[in-house]
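Asks: Fold the following and give me the result.
(one chain, ligands or ions: 1)
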Amino acid sequence: MLVLSSSQFDPLQTSRDQRYSVHESIRKMTVGASLYEPINVFKPMGPDIGIVDGPFEYLTVGGVTLPLPFTTRMTVVRLSNGNLFLQSPIKFDEVLASELQRMGTIRHLVSPNQFHYAHIGEWSKAFPDAIPWASPRVRQRARARHIDVTFARDLDFNPPEEWRQDIDQTLFPGGYFKEFIFFHKKSKTLVLADTIINIELDKIPEPWRTATKLSGMYHPRGQIFFGMRLPLLLQQREAKAAFAKIHSWRPERIMLSHGRCFESHGNEVIRRIFGAPAR
Ligand SMILES: [Fe+2]
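Replies: Below you'll find the predicted structure:
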């Protein structure tokens, strides 16, 4: 699933009539869709890890906003040095930022793939000492879409010193959709953005409900994002290495950006979706 910035709906740049029209359009789009309430609050999921569900986002293709509201969330890890690691930051919210600041120092703003980055600039402005981390191709994508964000560092195949003690990572192959996935050691939690999608069908309206059902990416089945499937077949060596690494972590929980997280039996979910570990 792709994330866009809601900045194109900036009410400061529109007239009152335009504003009404935009808000009315958004209201119509969201009829029949549900958020993971409450939004913009930290929800603990394990020791030193939790999620924050965000507001609706909308998909744009070629500059056109599609009437498909979808939910996103970020995962927050408190590192053992007291710094916070924000994977796929959701839309900036001051109250949320204050809540997080009470938990630790907001230090790492992480874009796991080129589609999850749109709000990093907002967090970066509020926390200039935080480090925005780039995923492959994300700079080009932000530039092409006029999203105001400056990345300071690039994610690598191996975790940087800044979080190596607490979090492992690997680059999950998927061609255009490749993404960095993370593993929080203390809580045995796999942290994904789009690699696995697990939409709850009763949270989205038709015709998206039927389309999602046909894709197989729905709760409780949860599947690899369909855009990654062909690239994974074409990149078998990289795929095998990534699967092996994920199996070696033996995750108990799996956090996702879209749909319902897997709060237990993560290892069984991984076996079902990625297949048994190679011998
Ligand atoms: Fe996504």
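Asks: In terms of secondary structure, what does the biggest strand by length in the chain contact?
Replies: If you go by DSSP state E, the chain has its longest strand at strand 64-78. Judged by 3 or more CB pairs under 8 Å, 6 or more residues apart in numbering; DSSP states H and E, strand 64-78 is in contact with helix 16-30, strand 49-61, strand 83-87, helix 94-103, strand 189-191. No exception for glycine: its C-beta is placed from N, CA and C like everyone else's.
Asks: Just give me the lowest mean pLDDT stretch among these.
Replies: Comparing mean pLDDT across the helices and strands packed on strand 64-78, the weakest is helix 16-30, with a mean of 60.
Asks: and Asp194, what is it in contact with?
Replies: Taking CB atoms under 8 Å, 6 or more residues apart in numbering, we find Asp194 in contact with Met1, Asn113, Phe115, His116, Phe177, Glu179, Phe225, Gly227, Met228, Ser257, His258.
Asks: Mind telling me which residue of the stretch 151-279 of the chain is nearest the ion?
Replies: With CB to the ion as the measure, Asp194 is the residue of the stretch 151-279 of the chain nearest to the ion, at 4.2 Å.
Asks: For the residue lying closest to Phe274 once chain neighbours are set aside, give me its contacts.
Replies: Distances taken as CB to CB, 6 or more residues apart in numbering put Phe243 closest to Phe274, at 4.7 Å, once the chain neighbours are dropped. Applying CB under 8 Å, 6+ apart, we find Phe243 in contact with Phe274, Gly275, Pro277, Ala278.
Asks: what do you get for Lys188?
Replies: The contact partners of Lys188, taken as CB under 8 Å, 6+ apart, are Gly46, Trp249, Arg250, Pro251, Glu252, Arg253, Gly266.
Asks: which secondary element of the protein has the worst mean pLDDT?
Replies: Ranking every helix and strand in the chain by mean pLDDT, DSSP states H and E puts helix 16-30 at the bottom, with a mean of 60.
Asks: Helix or strand next in line after that one, which one?
Replies: strand 42-46 (DSSP states H and E).
Asks: Distance check, the residue lying closest to Leu66 once chain neighbours are set aside against Leu79.
Replies: Spatial nearest neighbour of Leu66, excluding adjacent residues (CB to CB, 6+ apart): Leu59 at 4.6 Å. As defined by CB to CB, to the nearest Å, Leu59 lies at a distance of 33 Å from Leu79.
Asks: more crowded one of these two?
Replies: The residue with more neighbours, out of Leu59 and Leu79, is Leu79; 21 against 16, by other CB atoms under 10 Å.
Asks: Touching, that one and Trp163? I think so.
Replies: Yes: counting by CB atoms under 8 Å, Trp163 is a contact partner of Leu79 at 5.6 Å.
Asks: what sits against Lys185?
Replies: Residues near Lys185 by CB under 8 Å, 6+ apart: Asp166, Ile167, Asp168.
Asks: I'd guessed the second one sits against Arg78; true?
Replies: The one in question is Ile167. No: counting by CB under 8 Å, Ile167 stays clear of Arg78, with 11.0 Å between them.
Asks: Let's see the ChimeraX selection covering just the buried ones among the contacts of Phe243.
Replies: Applying 16 or more other CB atoms under 10 Å to the contacts of Phe243 leaves a buried subset, and the ChimeraX line that selects it is:
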select :274
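Asks: Let's have the contacts of Phe243 in a markdown table, adding distance to the ion.
Replies: Listed next are these as a markdown table, based on distance: CB to the ion, whole Å:
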| residue | distance to the ion |
| --- | --- |
| Phe274 | 19 |
| Gly275 | 23 |
| Pro277 | 27 |
| Ala278 | 28 |
